[in-house]
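Asker: Sequence first, predicted coordinates after that:
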Amino acid sequence: METAEIRRRFLNHFEREGHTVVPSASLVSPDPTLLFTVAGMVPFIPYLTGRETPPYKRAASVQKCVRTLDIDEVGKTTRHGTFFQMNGNFSFGDYFKEGAIAYAWDLITKPQSDGGYGFDPDKIWVTVYQQDDEAAALWNRVADIPYERIQRRGKKDNYWHTGQPGPGGPCSEIYVDRGPEYGRDGGPIVDEDRFLEIWNLVFMQEAVTEVKAKDDFRVVGDLPNKNIDTGMGLERVAFLLQGVENMYEIDQMMPVIERAAELSGKKYGRHAKGDPGYDDDVRMRVIADHVRSALMLIGDGVAPSNEARGYVVRRLLRRSVRAMRLLGVDEPVADVTLAQVL
Ligand code: GLY
């Protein structure tokens, strides 16, 4: 299934359930505490905190996001991208845990012929926050997931906030088992390559401050409403539904890998770590990711520079050029010049 179709199905599903479809906001975060839009919820922060009254109770979006924290993992794992699209549904004091779980389950398991994604229910695992008995019971009752496939994790994995003071809450993550050929048994707490996280449902109900790390922050109190904020990795769902091996090989990214291979005369080949050819594969995946992120940032008005946002663009471009050089390409190869896109 094409990435564009996965996106369409997501928005159609939630529109049918009374959500207002909201276009993606800019990658330049509307929230002054954040450099970039790091999640689908960022444009909705004023509604989640209660600072502003939302014009709707339910919303859905496909949000452009940039996160550079894991930049060194790009190309080496199946799933780390500096640019990605996040499908999200949001409830501002409307439905809560049960609704979020029911809507998510319906979309991922509904047959493709009925507009869903058609994942096999027996391959779905979920995690819930350590003390969240309610979410565990709902997964069991609403989705019929046996308790053996409902795992519990602490704050580091199952509590979500932006990394800045603001809204936060316990979360529940949905994983797809890719099969024993991809890793060890035992669910996501054992192996997150085999069990790939596709969707995070955040039960956004608290205000946090003094955020020092994912699991080091202070809860100041309850938000005015119990809200829902979810984030589904569009590229991750695409790589599972397109039967490829990682997010860089999906329909929206593979053409860049193919072009890097063509320009360098190297063959892209999914070589295993340690094999000749592996480093070149990583370089082509890095190029596919970084070129996309840099272009999307430039498209949202961020020019390369030596500080803040501009420095990130500069770093992404320099890393792409370096990867091309290591593939043996020393000459400029862009089909358009930067001056044309700025
Ligand atoms: N806001 C939910 C997520 O980014 O996972």
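Answerer: Noted; the coordinates are in hand.
Asker: Next, the buried residues of stretch 144-161.
Answerer: 145, 149, 150, 151, 152, 153, 155, 157, 158, 159, 160, 161 (16 or more other Cβ atoms under 10 Å). Backbone N, C-alpha and C define where each C-beta goes, glycine included.
Asker: and of those residues, the nearest to the ligand?
Answerer: Closest to the ligand out of the buried residues of stretch 144-161 is residue 160 (5.2 Å), distances taken as Cβ to the nearest ligand atom.
Asker: show me the residues around the closest one that make contact.
Answerer: Shown in contact with residue 160 (Cβ atoms under 8 Å, 6 or more residues apart in numbering): 168, 169, 170, 171, 200, 202, 204, 229.
Asker: So which of these wins on neighbours?
Answerer: residue 204 (29 neighbours; other Cβ atoms under 10 Å).
Asker: Was I right to think that residue contacts residue 222?
Answerer: No. Residue 204 is beyond contact range of residue 222, at 10.7 Å (criterion: Cβ atoms under 8 Å).
Asker: Could you count how many residues lie near residue 278?
Answerer: 15.
Asker: follow-up on the earlier one: now narrow the buried residues of stretch 144-161 to whatever sits close to the ligand.
Answerer: residue 160 (Cβ under 6 Å from any ligand atom).
Asker: in the sheet, who's paired with the residue in the stretch 151-300 of the chain positioned nearest to the ligand?
Answerer: The ligand sits closest to residue 231 of the stretch 151-300 of the chain, with a gap of 3.2 Å, by Cβ to the nearest ligand atom. Going by DSSP bridges, residue 231 is paired in beta bridges with residue 200.
Asker: Helices - which of the buried residues of stretch 144-161 land there?
Answerer: The members of the buried residues of stretch 144-161 that map onto helices under DSSP state H are 155, 157, 158.
Asker: Nearest residue to the second one in space, please, no chain neighbours.
Answerer: Leaving out its chain neighbours, the residue that sits closest to residue 157 by Cβ to Cβ, 6 or more residues apart in numbering is residue 127, at 6.7 Å.
Asker: Repeat that for the last one.
Answerer: Leaving aside its sequence neighbours, residue 158 sits nearest to residue 129 (Cβ to Cβ, 6+ apart; 4.1 Å).
Asker: Give me the neighbour count for the one you found.
Answerer: 23.
Asker: shouldn't it be in contact with residue 151?
Answerer: No. Using Cβ under 8 Å, residue 129 is not in contact with residue 151, being 10.9 Å away.
Asker: Of the contacts of residue 160, which ones also sit close to the ligand?
Answerer: 200, 202, 229.
Asker: Which positions in the stretch 201-342 of the chain make contact with the ligand?
Answerer: Residues of the stretch 201-342 of the chain lying near the ligand by Cβ under 6 Å from any ligand atom: 202, 229, 231.
Asker: And for the stretch 1-150 of the chain?
Answerer: By Cβ under 6 Å from any ligand atom, the residues of the stretch 1-150 of the chain that approach the ligand are 39, 41.
Asker: what about 8 Å?
Answerer: 38, 39, 40, 41, 65, 86, 88 (Cβ under 8 Å from any ligand atom).
Asker: contacting residues for the last one?
Answerer: Spelled out, that is residue 88. Taking Cβ under 8 Å, 6+ apart as the criterion, residue 88 is in contact with 39, 40, 41, 60, 61, 62, 63, 229, 230, 231, 232.
Asker: Including pLDDT, secondary structure and distance to residue 73, could these go into TSV?
Answerer: Shown next, in TSV, are those (pLDDT from 0 to 100; DSSP: H, G, I helix; E, B strand; the rest coil; distance: Cβ to Cβ, whole Å):
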residue	pLDDT	secondary structure	distance to residue 73
39	97	coil	18
40	98	coil	21
41	97	coil	23
60	98	strand	29
61	98	strand	26
62	98	strand	23
63	98	strand	21
229	98	strand	24
230	98	strand	23
231	98	strand	18
232	98	strand	20
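Asker: Find the residue closest to residue 58 in space, skipping its chain neighbours.
Answerer: residue 19 (4.2 Å).
Asker: right, and the secondary structure at residue 212 would be what?
Answerer: Secondary structure state of residue 212, per DSSP: H, G, I helix; E, B strand; the rest coil, is strand.
Asker: do the same with residue 188
Answerer: coil.
Asker: Return the residues in contact with the spatially closest residue to it that is not a sequence neighbour.
Answerer: Of all residues beyond its chain neighbours, the one nearest residue 188 is residue 195 (4.1 Å), with distances taken as Cβ to Cβ, 6+ apart. Contacts of residue 195 were listed using Cβ under 8 Å, 6+ apart, and they are 125, 175, 176, 177, 178, 183, 187, 188.
Asker: Residue 198 is in contact with the fifth one, correct?
Answerer: No. Contact criterion Cβ under 8 Å: residue 178 and residue 198 do not qualify, at 10.9 Å.
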